[in-house]
Structure formats: C-alpha cells, structure tokens
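Student: dropping the sequence and predicted coords here.
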Amino acid sequence: MLNLVRETVVSYAFIERNFNLVKRYLSWEILFFSYSIVNALTIGLIMVGRGSSEDVLYLVIGALIWGFLSIMMREVSDAITWERWEGTIEYTFMAPIYRITHLVGSCLFAILYGLIRTGLVLAIMPFFFGEHINLGNANWLTMSVTVLISSLSFIGIGLMAAIFPLLSPEKGQAATGIIQSVLLLVSGIYYEIEVLPEWLQPISKISPATYTLRSIRAAILDNASLGSQMGNLLLLFIIGVLLIPFGFWVFHLGEKYAKRVGRLKRSG
Amino acid sequence: MSRILEGFSLVKRKGVEQPIYGLAVRGVTKHFHRNKRTNNKIHFYQKIRQIFKPEKEIVRAVDDISLAVNIGEIYGILGANGSGKSTLIRLISTLLIPDAGSIQVFGDDVVTDSLKVRRVMNRVSVEASFFKRLSSAENLIYAARLYGIPAAEAERKAKQILERLGFDANRMNEEMEHLSRGMQQKVAIARALLTTPMLLLLDEPTTGLDPKSKRDVQAFIEEIRQERNAVIVLTTHDMAEAERLCDKIAIIDKGKFIAEGTVAELTTNTPSQNGAPATLEDVFIALTGKAIEEEE
C-alpha cells in the first residue's frame, strides 16, 4: 500500500539532490539562464516595429512557455541521463521506493526549477521591451492555476520522455527532443493552430501545451478570469489525469525491458 | 509467523515448519543476446544484412546457479573477470530479471516481492558510483532519504561508520571528485551500511584499493559479521580475502558454479603442490585450468 506521507518525504530527496547539483554547477546555470533571456528576446524582437505591443507579448509568452516546457522535459530526462552517467542509477533503482515516487520527485523538481527560471526571465523582459511588455493587465490567479493544472500533463509527458535515456545513455537525451519538437509544431507556441495543415490540427487538440498557452495568453493579454477558462482548464486536467498513469505505464515497460536485457548496468 | 533458530528462520507452511535461508538462489539462469562478431571476410551484401538484421549469439552470464546462505554467514564467490559474479549480484539485488529459477531473500521473492526485498538489502559495487560534484555528506543524505532515514540521523551514522573505516569525517563536505578511490569506496560502504541491511552484497569491494584501505575494509567486514546477524555475499578475485573472510566459497567460471565448500573442504580435495598444502589458488587453477589473473 502506498504510504503517501512517506513517499512524499522520499520524493523530497530528489528535489534536494537536484537543487544541490544546481548549486554545484552555478556557472553553467548562469550560462543557460542567459541563453533563455537571449532566446525570448530574439523571438519577441521579431514583432517590435512590425506589430502591436500585444503581438510582441504574444510571441514572448510563446517563448517563455516553450522555455518552460523545454526545461521541464530536459530536467526529467536529465534525471535519468545524469544517473546513468554517474552510475548511480542502479542504487536509485535498488532503493525501496515506488518508481512513481522517484519519477514524481524528479518531475516536481523540474516544475519548480522551470518556474523559477521562467519567472526570472519574465521579470527581466520589461527591461528590454519597455512599454511592449505590460503585465499590469494580467490575471495572475488564472495564470497560476493554469500552470499548476498543466504541470500534471507535463509530468505525464516527462515520464514518457524519461524512457529514452533509460534505454540509451548516448542517444536517449537527444530523442526526448523529438517529443519537444512535436509539441512545438502542433501546440501553437508562436502561431495560431488554425494555420497548421488540417490533418495536423487534430494532434494539436490533444497537446496539453495548446490549452496551457491559450489560457495563459488569455490571462496575460485579456485579463481572463478563472471562470472564463474553466472549459480549457477542465480539458487540461483530463489530459493530465490520463497522461500520468499512461506515462508511468510506458516507463514501467521500459524499466522491465532494461532489467530483462541488462541495460541499467552500463553508465554513459 | 517466523522465528530465528541457529541461523535459520522457520516459517510455518501448511502446518509444517520449513527453514528460510537469508538468501536462497535456486537454478537461476540469465543469458544475454549480443551481436555476433566474426573475423572472417564477409561479402558486401552480408555486411548490409548485418547492419539491418544482425546475427545474435547467446551469452550465458549465469547458468543454473543455486546457493543458500544462512543468517550470520559470509558467502564468497570467487571468479575471474567476466565469470558472472556481478550478474549474479545484480540478479539478487533486483536489477536484473532472471530467465529461469528463483531467488528468495528471507523468504521473499526478488521478482514478485521486490520492494520488500529492497528494504532489507544493500550493495557495494566495484565502482563507487556517486554524484561526483556533490560532497560525500550530500550523497549519503540523498541515499539515506530514499530509505526513509532523516538527514540528521544519516549524517550521525555516516560519521560513525566512516571514522571506523579510517576516513577523516572532516572531509565529508568535500566534493567526491576530490577524494581518492579508496576514500570513495569507504563512502560507498557507509552508504550501504547506513540502512542497516540484513543482506549485504559486496561486489569486489576492495578491488583497486591500496593495501591500507583494503585492510581497513576487510577488518570492517569482519566487525559487521561479529556485530550483526546479517547475511553477507562477497564476490572477489582476491584469494587471500576470500580465505580470510568467507565461511563458504563458491568458484564460478563461465557463469557456472564449479565448486562450493569451506576453504578446508576445497583445499583438501585438491592435490598438494611440491609437498606444500594446496592453496585456494591451486584449487582455482585445478578447476578452471587458468590462473585468476589471466582473464583480467
């Protein structure tokens, strides 16, 4: 029987460990943080002088959410890649914990870390874009609830993404980029999904990033209330509730395969 | 209901009391598939076929192995590199799934009751695997938390164990990558013992250590044996270490146990060399036809 209190305490081990690693690699963190700023600026500047402030903000939101998603996916798959590289994965897999505790712990760190980094980039944006970035009209409650609910789906996707580095330390990390690219293509990060070819549009309807972006854009650009986003958020919640067990099941199959053929042994 | 009696635990099944070993391995086999390599010249089309449909060969890493270890016993597995020692340890430690046979730890099956088994077991492997940029304290606290041990308790216990191993506890906050191989291995032993395991798997714990560190580790294993009623499985290719520490020894070659017994039993059955009593090394050479270093 899953002891929720114990498992929550245990999942903190992964959060603490990963923040300790962030501290030890601080100079790299600064480098990656600078990259996130440059990336958001590059995207946002496309619209400066061509469109309205709203258009600039539309793209910046896309860049920030995309940045958040990328961090999430990378950190979750990194949790496995790093352990394979250091050779600690066997010890983590030998520990008396449920796999869901292990993976949710890694995902929670990824969400926290992604939120902190994205929040900092968002805070810096007005210094570069001036009057184009006006957050005074934003509905922060709608935004926070959207991020919270969408995290469920991204945990599910993260669990699926983590299977790649489990199976191959060399190529697995890059393979998680495939999931990211599909999300980038279909979720309307920098454009409306209506511009996609018709045959691609059904895929965007099952992507949680589509609904996340829709609600966050509505919250920031139109001060949308929580009530007005209920339909969107409900869909996001349903996708999350379905994706977590599915992602866990996929990872479980990968782990079983790795234990059958002896893939855990080799470090990267 | 079970009770401990002279190294055995007895469990009542269908009204009959049956012994449970600390560790019982029965007919375990594990094989791997790997791409077949050939030194012969092959045609171009065969090369193309090899890329898309490589020919596989089966490697029997562990082949029909059975063993039983009682509580309070150190069981040694002696073999050259690639003989199957570490695969067997991985099978016991739930990191590999056996193709055939069963493994029970204190009566629990490693495949069907893996969580229960993992609660009472820990392992030290030949590579001291850690997050190298984290300190030993951070690594140990992380490992302890996975077993539900609070950070303060983990730090206190780790300090005690490390000091007994001759590790300067003041260096616990240094990054692992700054520690020598011997020191890292001592931290690995502390990581395993922090959780007070009833089954301790020591997979070549002293390989590559300097003589002083080796002696420290061996003395500590002896201490554990005296203090706790744990089951210890030690794999090694160090004959003297096996002779010093193990109550019973199995010799493994090409995935198979080719001999098992106490040191006395093994050496008595081997003809003496130049009039001197046979050593474990003589036994190994006589049984495998090679010295243990040959395959290293």
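Tutor: Thanks, I have it. Numbers count the residues shown, from 1 in each chain, chains lettered A, B, ... in the order given.
Student: can you list the weak-confidence ranges in chain A?
Tutor: With pLDDT under 70 as the threshold, chain A has low-confidence stretches at A:1-2, A:266-268.
Student: would you mind listing what in it touches chain B?
Tutor: Proximity of chain A to chain B (Cβ under 8 Å from any Cβ of the partner chain) is limited to residues A:6, A:9-10, A:12-13, A:16-17, A:20-21, A:24-25, A:82, A:86-88, A:90-98, A:256, A:259-262, A:264-265, A:267. For glycine as for every other residue, the C-beta is placed from the backbone atoms N, C-alpha and C.
Student: repeat that with 7 Å
Tutor: Chain A comes close to chain B at residues A:6, A:10, A:12-13, A:17, A:20-21, A:24-25, A:86-88, A:90-91, A:93-97, A:259-262, A:264-265, as judged by Cβ under 7 Å from any Cβ of the partner chain.
Student: among the residues you listed, which ones are buried?
Tutor: The neighbour-count test (16 or more other Cβ atoms under 10 Å in any protein chain shown) marks A:10, A:13, A:17, A:20-21, A:24, A:86-88, A:90-91, A:93-97, A:259, A:262, A:264-265 as buried among these.
Student: all helices for chain A, in order.
Tutor: With DSSP state H applied, chain A shows helices at A:4-24, A:26-45, A:53-86, A:89-94, A:99-129, A:140-161, A:163-167, A:172-186, A:201-206, A:208-222, A:230-261, listed in chain order.
Student: by how many degrees do the third one and helix A:172-186 diverge?
Tutor: Inter-element angle recorded for helix A:53-86 and helix A:172-186: 160 degrees (by axes from the mean of the first three to the mean of the last three Cα atoms, to 10 degrees).
Student: so the closest residue to A:Lys256 other than its chain neighbours: helix, strand or coil?
Tutor: Using Cβ to Cβ, 6 or more residues apart in numbering or on different chains and skipping the chain neighbours, the partner closest in space to A:Lys256 is B:Ile97 (7.3 Å). The assignment at B:Ile97 comes out as coil when based on DSSP: H, G, I helix; E, B strand; the rest coil.
Student: and B:Ile97, backbone torsions?
Tutor: Phi and psi for B:Ile97, reported as degrees, to the nearest 10, are phi -100, psi 120.
Student: wait, isn't it in contact with A:Arg260?
Tutor: Yes - counting by Cβ atoms under 7 Å, B:Ile97 sits close enough to A:Arg260 to count as a contact (5.1 Å).
Student: the strands in chain B, which residues?
Tutor: Applying DSSP state E to chain B gives strands spanning B:2-5, B:8-13, B:16-20, B:23-35, B:56-69, B:74-78, B:100-105, B:108-109, B:121-124, B:199-203, B:231-236, B:248-253, B:256-261.
Student: dump those strands into TSV; add mean pLDDT, distance to chain A and mean neighbour count as well.
Tutor: Listed next are the strands of chain B as TSV, based on pLDDT from 0 to 100; distance: least, Cβ to the nearest Cβ, whole Å; neighbours: other Cβ atoms under 10 Å in any protein chain shown:
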stretch	mean pLDDT	distance to chain A	mean neighbour count
strand B:2-5	39	20	12
strand B:8-13	53	20	14
strand B:16-20	63	20	14
strand B:23-35	91	6	17
strand B:56-69	90	8	17
strand B:74-78	95	17	26
strand B:100-105	95	12	19
strand B:108-109	94	12	16
strand B:121-124	94	6	25
strand B:199-203	94	9	24
strand B:231-236	94	14	26
strand B:248-253	94	17	23
strand B:256-261	92	18	17
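Student: between these, which one is nearest to A:Ser52?
Tutor: Shortest distance between A:Ser52 and the strands of chain B, using Cβ to Cβ, is found for strand B:23-35: 59.7 Å.
Student: list of residues touching the closest one?
Tutor: With contact meaning Cβ atoms under 7 Å, 6 or more residues apart in numbering or on different chains, strand B:23-35 is reached by A:261-262, B:54, B:56-69, B:87, B:91-92, B:96, B:98-105, B:199, B:231, B:233.
Student: ok, now stretch B:238-258?
Tutor: B:60-65, B:67, B:73-79, B:83-85, B:206, B:218, B:221-222, B:234, B:236, B:259-263, B:266, B:279-281, B:284, B:287-288.
Student: so which bits of the stretch 101-250 of chain B are right by chain A?
Tutor: Proximity of the stretch 101-250 of chain B to chain A is assessed by Cβ under 7 Å from any Cβ, with B:115, B:118-119, B:123, B:127, B:129-134, B:138, B:142-143, B:145-148 identified as the residues in range.
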